[in-house]
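Chemist: Sequence first, predicted model second:
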Amino acid sequence: MNSNLKHAQDLIDFIGNSPSPYHVVRNVKNILLENNFTELNFKNKWTIEKEGKYFVTQNDTSLFAFKVGISDIASSGFKIVAAHSDSPTFKIKPSPEISVEDKYIKFNTETYGSPILNTWLDRPLSIAGRVSCKGKNSLNPITHLVAIEQPILIIPNLPIHFNRTVNEGIALNKQVDMLPIAALINEDLNKDLLLATKISEVINVPVEDILEVDLNLYDVAKGSIIGLNNEFICSGKLDDLAMVHAGLSALLDSDQTTSTNVLAIFDNEEVGSRSKQGAGSPILKDVLSRILNIQGANEEDSQRAIYNSFMVSADMAHALHPNHPDKHDPVNRPIINAGPVIKIEGNQKYTTDSNSCAVFEMICKEAAIPYQKFVNRSDMLGGGTLGNVSAGQLAMRSVDVGNPMWAMHSVRETSGVDDHTFMTKALEGFYDAE
Ligand SMILES: [Zn+2]
């Protein structure tokens, strides 16, 4: 297996082991610990040393890892790669069991973010996330991660005979059409506590101690390498776990530099980033301030550090769709495996400007990596991402980049094998840049 394929397979395995944002952060945390990073806690006092490697998590779904730079922090600042841990899915509502004619049990859910609904139909699904259980006192519940792993759910389509016009397009109702079926009712089944009973078995905690859950659905099918020449990665959650994985690999492989290198993994990008663990919160600013304060930086030094810093906001991008080339800008048409995409938007939904774009281009050129540009067709609206939300908290130079992919927000997305290595090398080049 060539090295690009190996790196792509590593990404597929990482995503396969990350069925919820809680699992993403747990997996990143374990990899950092294996690589001699020290865990800090927002609630405790921090001790950090020059050239040390640290990380801190928030709410189990966002994580900030950093390697402390070797020179004066005010003049060298931070180099930050930002990505997000969440993906569009369905969340389990409280008391989820709904009985259908006393024969079937289905689960009540709500959408999280903007999934392409029809891609979730007729697939074996399961449930993963976090469970809060009774703790020693009321302010501190005990947290368990849970992944049921076996396929327990399905959201069946209507047969075509009941919906003859299905192939002309169908509006799926989130409350009616998208509820997953879990079981047939029988005498042994505790139909009101079906999910709690299952979770209790998996985490080995009595049902009565399970207080609340943060659970999402996921596709149990693992990703795969596809294409006649093994050129594509086909997997769920490439947006944005591909960038989490690329950023993490880059941070681990990067050299010790004058600046402090940071990997910021935020939650809740898919729902606007406005949460205590999202890019719209002061959390990144808090992490940077803390690093500065510990090193004795005064107010002016701290501001200098921020203004000497640079952020790469890394979130996946749209590749030219082979069946819909008309959807793209007439000139800038990103192709899979033709390198990282720099995202540009005149109205500042992306943070890229000529200065930050030039920085990323030079990094790619120095690493001999191809790159491309994305702009929306002028008559189509695109989505924003982490960069412009974070800019509301930190006045820092920033560029928006991502790898080209098809079917963003489908339960199964497709990107390029070579692009994953290209992006990882570009981010490593960014961290190594002096
Ligand atoms: Zn994204």
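Modeler: Noted; the coordinates are in hand.
Chemist: how close does residue 180 get to the ion?
Modeler: Using Cβ to the ion, to the nearest Å, residue 180 is found at 24 Å from the ion. The way it works is simple: take the backbone N, C-alpha and C, and place the C-beta from them, glycine included.
Chemist: which SS state does the closest residue to residue 215 other than its chain neighbours fall under?
Modeler: In space, and not counting its chain neighbours, residue 215 is closest to residue 129: 3.8 Å by Cβ to Cβ, 6 or more residues apart in numbering. In three-state terms, and counting by DSSP: H, G, I helix; E, B strand; the rest coil, residue 129 is strand.
Chemist: for residue 129, what are its contacts?
Modeler: Taking Cβ atoms under 8 Å, 6 or more residues apart in numbering, we find residue 129 in contact with 20, 22, 92, 145, 146, 213, 214, 215, 216.
Chemist: hmm, which two among those are most spread apart?
Modeler: Farthest-apart pair in the contacts of residue 129 is 92 and 145; separation 14.9 Å (Cβ to Cβ).
Chemist: Correct me if wrong: residue 251 contacts residue 432.
Modeler: No - using Cβ atoms under 8 Å, residue 251 makes no contact with residue 432, being 10.8 Å away.
Chemist: before we move on, back to that, who has more neighbours, residue 92 and residue 145?
Modeler: residue 92 (19 against 16; other Cβ atoms under 10 Å).
Chemist: residues contacting the closest residue to residue 141 other than its chain neighbours?
Modeler: Distances taken as Cβ to Cβ, 6+ apart place residue 132 nearest to residue 141, at 4.1 Å, with adjacent residues excluded. Counting by Cβ under 8 Å, 6+ apart, residue 132 makes contact with 141, 142, 143, 211, 212, 213, 214.
Chemist: how about the fifth one, what does it touch?
Modeler: Residue 212 is in contact with 94, 131, 132, 141, counting by Cβ under 8 Å, 6+ apart.
Chemist: looking at the sheet around the second one, what are its partners?
Modeler: The reference is to residue 131. Beta-bridge partners for residue 131, by DSSP bridges, are residue 144, residue 213.
Chemist: Quick check, it in contact with residue 146.
Modeler: Yes - applying Cβ under 8 Å as the test, residue 131 and residue 146 come out as touching, 5.3 Å apart.
Chemist: intersection of neighbour lists for these two?
Modeler: Going by Cβ under 8 Å, 6+ apart, residues that sit against residue 131 and also against residue 146 are 199, 203, 215.
Chemist: which among the residues you listed end up buried?
Modeler: 199, 215 (16 or more other Cβ atoms under 10 Å).
Chemist: Go through the shared contacts of residue 131 and residue 146 and say which is closest to the ion.
Modeler: The closest of the shared contacts of residue 131 and residue 146 to the ion turns out to be residue 215 (Cβ to the ion; 21.2 Å).
Chemist: my guess is that closest one contacts residue 128, does it?
Modeler: Yes - using Cβ under 8 Å, residue 215 is in contact with residue 128, at 6.8 Å.
Chemist: where do the contact lists of the two overlap?
Modeler: The contact lists of residue 215 and residue 128 share 20, 146, where a contact means Cβ under 8 Å, 6+ apart.
Chemist: Got the phi and psi for the residue in the chain sticking out farthest from the centre?
Modeler: In the chain, the greatest distance from the average C-alpha position (Cα atoms, centre = their mean) is reached by residue 187, at 41.3 Å. Backbone torsions of residue 187, given as degrees, to the nearest 10, read phi -60, psi -30.
Chemist: Right, I'll leave it there.
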